[in-house]
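Participant: Give me a 3D structure for the following:
(one chain, ligands or ions: 2)
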Amino acid sequence: MSIHNHQNEAICFSNMAKGLAMSAALPCDTVWTGARLLPMTDRAQPDTVIDNALIAAVDGRIVYAGPAAAAPAYDAQRVIACGGRLVTPGLIDCHTHLVYGGSRAGEFEARLAGASYEAIARAGGGIVSTMRATRAATEAELIAASAPRLAELVAEGVTTVEIKSGYGLELASERTMLRAARALGEAQHVAVSTTFLGAHALPPEFSDNADGYIDAVVDGMLPVLAAEGLVDAVDAFCEGIGFSVAQVERVFAAARALGIPVKVHAEQLSNLHGAALAARYGALSADHLEHLDGAGIGAMAAAGTVATLLPGAYYFTRETVLPPIDGLRAAGVPIALATDCNPGTSPMTSLLLTMNMGATLFRMTVAECLAAVTINAARALGREDIGTVARGAWADLAIWNVDQPAELVYRIGGRPLHARYWRGH
Ligand code: DI6
Ligand code: FE
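Facilitator: Numbering: from 1, shown residues only. Ligands and ions are numbered 1, 2, ... in the order given. Alright, predicted model coming up:
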């Protein structure tokens, strides 16, 4: 079938002969017609919806996206009528810990009854309890436990997910987590970006020897996992209950030596200036940032480091210090939003609810929230070929049963997704 600037397939057929005769038709395998397209090019505002848009793809890559009236003639085997629905880039969750074993629901109940996070940790709970359950699980068991969480994200139009290790805290279990993450992506037709977060917490066998554990991370784990192709980025938890700036810098130096980009969990509970350190290493993103100061904002702006804000963790831990949104905005730091899906501080599998929280809790605009889970989330993963509907990008699309972009941020609950395409399928 050929498409020639029209949604009406009868007219398209009549143009097919002409298009072929002129040999002008650009071959493509898939065309979407009748879209109300929010392309998210260049951090587009939601009011730049293109009515009656056409998207064409070859081998999962977009070759045209724009007004149907301006589209060249195309040959396509498959034509998908969007029926005037809103079409956005497939959503990107750029910060998750969704592969893990066990549950922390009991810990949640204990906290509701008054136990502190620290007391729970001292009693063998917290991150270490998830570490134990994760170490005890086989790769197949981790996949089975994590698959429903990924499926919930995918059901909301997510086409790319970042998944961190960090509950193994020793080589074999960190490897199992990263392999499980890769396998989950293949099984559910979603791109998975893997991040090695060996420096997440101190495992019991290294208690009182954090520097010794960092030795193990930089000498024993990172080079091996990187050589196995399991590490797209390296992350570290820079915090009083995590690792010091000096320790995190050793991890970043090791990543740099291997040519792997870095990210950081920083300024979540206190201000250790981890974001500025990360910016010095050209970090893709610094994440959380409730306690970020002006110097940190300036360092991030200068380095082009994305601020990934995690309103689910802010909400679930009942944090009261807001991240410095106005300062980030004023400095032009790109802002991403992510679920931080993890069993301790953000047991959350909804990127749409994350956008709603970005608006209600962090006072972000609708335009900012949409950019935060598309083009800016792509940048937080070092990617320019996703998070936008534009020529050259992957044909990752979310088609929604809504009239206007604000609906995606406004609603709490509901299942607005009509269809999802990942690399054209
Ligand atoms: N910051 C967090 O909020 C989570 N990890 C991190 O570095 C907590 C993870 C957990 O409690 O399991
Ligand atoms: Fe996190």
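Participant: Flag every residue of the stretch 301-425 of the chain that's near ligand 1.
Facilitator: Counting by Cβ under 6 Å from any ligand atom, the stretch 301-425 of the chain comes close to ligand 1 at 313, 342-345. C-betas here are computed from N, CA, C, even on glycine.
Participant: for the residue of the stretch 201-350 of the chain found nearest ligand 1, what are its contacts?
Facilitator: Taking Cβ to the nearest ligand atom as the measure, the stretch 201-350 of the chain has Gly344 as its residue closest to ligand 1, at 2.0 Å. With contact set as Cβ atoms under 8 Å, 6 or more residues apart in numbering, Gly344 has these partners: 104, 107, 126-127, 130.
Participant: go on, Thr194?
Facilitator: 162-165, 178, 181-182, 230-233.
Participant: One more pass at 6 Å, please.
Facilitator: Counting by Cβ atoms under 6 Å, 6 or more residues apart in numbering, Thr194 makes contact with 163, 178, 181, 230, 232.
Participant: Likewise for Thr159?
Facilitator: If you count contacts by Cβ under 6 Å, 6+ apart, then Thr159 has 90, 190, 396, 422 around it.
Participant: Strands - which of these land there?
Facilitator: Using DSSP state E, no member of those sits in strands.
Participant: Let's see which of these end up in helices.
Facilitator: Judged by DSSP state H, the contacts of Thr159 include no members of helices.
Participant: per-residue confidence for the residue most central in space within the chain?
Facilitator: Ranked by distance to the mean C-alpha position of the chain (Cα atoms, centre = their mean), the top residue is Cys94 at 1.8 Å. Residue-level confidence at Cys94 comes out at 99, pLDDT.
Participant: Would you check how far apart it and Ala371 are?
Facilitator: Cys94 sits 12 Å away from Ala371, going by Cβ to Cβ, to the nearest Å.
Participant: Kindly report the same for Gly212.
Facilitator: From Gly212 across to Ala371, the span is 42 Å (Cβ to Cβ).
Participant: how about Ala181, secondary structure?
Facilitator: Under DSSP: H, G, I helix; E, B strand; the rest coil, Ala181 falls in the helix class.
Participant: How about Asp51?
Facilitator: Once three-state DSSP is applied, Asp51 turns out strand.
Participant: For it, which residues are in contact?
Facilitator: Arg36.
Participant: Tyr64 belongs to a helix?
Facilitator: No: counting by three-state DSSP, one finds Tyr64 to be strand, located in no helix.
Participant: Who are the contact partners of it?
Facilitator: 56, 71.
Participant: That one pairs with what?
Facilitator: Assessed by DSSP bridges, Tyr64 has beta-bridge partners Ala56.
Participant: Extract the residue ranges of the protein that are flagged as low pLDDT.
Facilitator: Across the chain, residues meeting the criterion (pLDDT under 70) sit at 1-24, 44.
Participant: And stretch 207-225, what's buried?
Facilitator: Applying a neighbour-count criterion of 16 or more other Cβ atoms under 10 Å, one finds 213-214, 216-218, 221-222, 225 buried in stretch 207-225.
Participant: wait, I meant stretch 382-395
Facilitator: Buried residues in stretch 382-395, counted by 16+ other Cβ under 10 Å: 383, 386-390, 393-395.
Participant: ok, now stretch 54-71?
Facilitator: Neighbour-count burial for stretch 54-71 flags 54-58, 61-66, 68, 71 (criterion: 16+ other Cβ under 10 Å).
Participant: which parts of the stretch 1-150 of the chain sit against ligand 1?
Facilitator: Residues of the stretch 1-150 of the chain lying near ligand 1 (Cβ under 6 Å from any ligand atom): 126-127, 130.
Participant: Is Phe252 in contact with Gly282, as I believe?
Facilitator: No: contact criterion Cβ atoms under 6 Å: Phe252 and Gly282 do not qualify, at 9.4 Å.
Participant: Between those two, tell me which one has more neighbours.
Facilitator: With neighbours defined as other Cβ atoms under 10 Å, Phe252 and Gly282 compare such that Phe252 has more, 26 against 13.
Participant: Skipping its backbone neighbours, what lies nearest that one in space?
Facilitator: Spatially, and ignoring its direct neighbours in sequence, Phe252 is nearest to Tyr281 (4.4 Å; Cβ to Cβ, 6 or more residues apart in numbering).
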